[in-house]
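Colleague: What shape does this take:
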Amino acid sequence: MNLTNYSKIILNRILFLCEKRGITINKLAEMSGVRQSTIHNMVSGTSMNPKIRTLHKIAIAFSMTLAEFLDYPELNDYSFDDENED
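Modeller: Predicted structure coming up:
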C-alpha cells in the first residue's frame, strides 16, 4: 500500500458517512466549514494528505470526535511498513 491507498481509505470513510447520512459533498463542506474546493480536491485525488484540522472539522460535521472518525477497521488495519516515503 502507499499514500495514495491511505488517502483512498480516508476518502472512502468520508463518502461512506455522507451516504449513510444522506448528505452531499457540498453539504459536508457547508456543515464542516471546510472549503468546497478542499473537499473536492480530496475527492478528485488532487489533495491526498488532508490536514488533521480539516479531518477534525469533517468529523465534527458528522457529530463525531476525531478519534471516532478515525476508528474503523480499514484504517486500523493499515500498515505503513510497505510505504516508500521520503
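
Colleague: Going by C-alpha atoms from here, please, whenever you check contacts or count neighbours.
Modeller: OK.

Colleague: For stretch 29-47, measure first residue to last.
Modeller: 15 Å (CA to CA, to the nearest Å).

Colleague: What are the buried residues along it?
Modeller: Neighbour-count burial for stretch 29-47 flags 29, 32, 34, 36, 39, 42-43 (criterion: 16 or more other CA atoms under 10 Å).

Colleague: Greatest separation within the residues you listed: which pair is it?
Modeller: Using CA to CA, the pair of those lying farthest apart is 32 and 43, separated by 15.4 Å.

Colleague: shaky segments in the chain?
Modeller: 1-3, 82-86 (pLDDT under 70).

Colleague: Closest to the centroid, which residue in it?
Modeller: residue 10 (3.8 Å; CA atoms, centre = their mean).

Colleague: May I ask which helix or strand encompasses the closest residue to that residue other than its chain neighbours?
Modeller: Leaving aside its sequence neighbours, residue 10 sits nearest to residue 75 (CA to CA, 6 or more residues apart in numbering; 7.6 Å). Assigned by DSSP states H and E, residue 75 belongs to helix 73-76.
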